[in-house]
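**Student:** coords below, sequence missing:
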């Protein structure tokens, strides 16, 4: 079967902004403060705490993954 690739992240936002947007959709019952705390903890766990404010970019505009 054929499945086109679609990026899950907005290339103009930071990784933190993208993940907070997703968290707001998936966990609207959590306060903004709780979502921020969970995001910080997960990024630190993954060794990405220092990259929270890095802009994601795109294949043409490599920033975070470039």
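**Tutor:** Thanks, I have it. Since the model is a prediction, treat every value here as computed from it, not as a measurement.
**Student:** Give me the below-cutoff pLDDT ranges for the protein.
**Tutor:** 1-7, 58-66 (pLDDT under 70).
**Student:** Return the set of buried residues in the helix ranked longest in it.
**Tutor:** Criterion DSSP state H: the longest helix present in the chain is helix 32-45. Of the residues in helix 32-45, 35, 39, 43 count as buried by neighbour count, 16 or more other C-beta atoms under 10 Å. Placement of C-beta: from N, CA and C, glycine included.
**Student:** so where do the helices sit in the chain?
**Tutor:** Going by DSSP H, the chain shows helices at 15-26, 32-45.
**Student:** Could you tell me how many residues sit around residue 56?
**Tutor:** Close neighbours of residue 56, defined as other C-beta atoms under 10 Å, add up to 21.
**Student:** Okay, it and residue 17: tell me how far apart.
**Tutor:** 9 Å (C-beta to C-beta, to the nearest Å).
**Student:** Export the helices of the chain as JSON lines, with columns for distance to residue 9.
**Tutor:** Shown next, in JSON lines, are the helices of the chain (distance: least, C-beta to C-beta, whole Å):
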{"stretch": "helix 15-26", "distance to residue 9": "4"}
{"stretch": "helix 32-45", "distance to residue 9": "14"}
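**Student:** For residue 8, find the nearest of the ones you listed.
**Tutor:** Residue 8 lies closest to helix 15-26 among the helices of the chain, at 8.0 Å (C-beta to C-beta).
**Student:** List the buried residues in the closest one.
**Tutor:** Applying 16+ other C-beta under 10 Å to helix 15-26 flags 15, 16, 17, 18, 19, 20, 23 as buried.
**Student:** which strands and helices sit next to that helix?
**Tutor:** helix 32-45 (3 or more C-beta pairs under 8 Å, 6 or more residues apart in numbering; DSSP states H and E).
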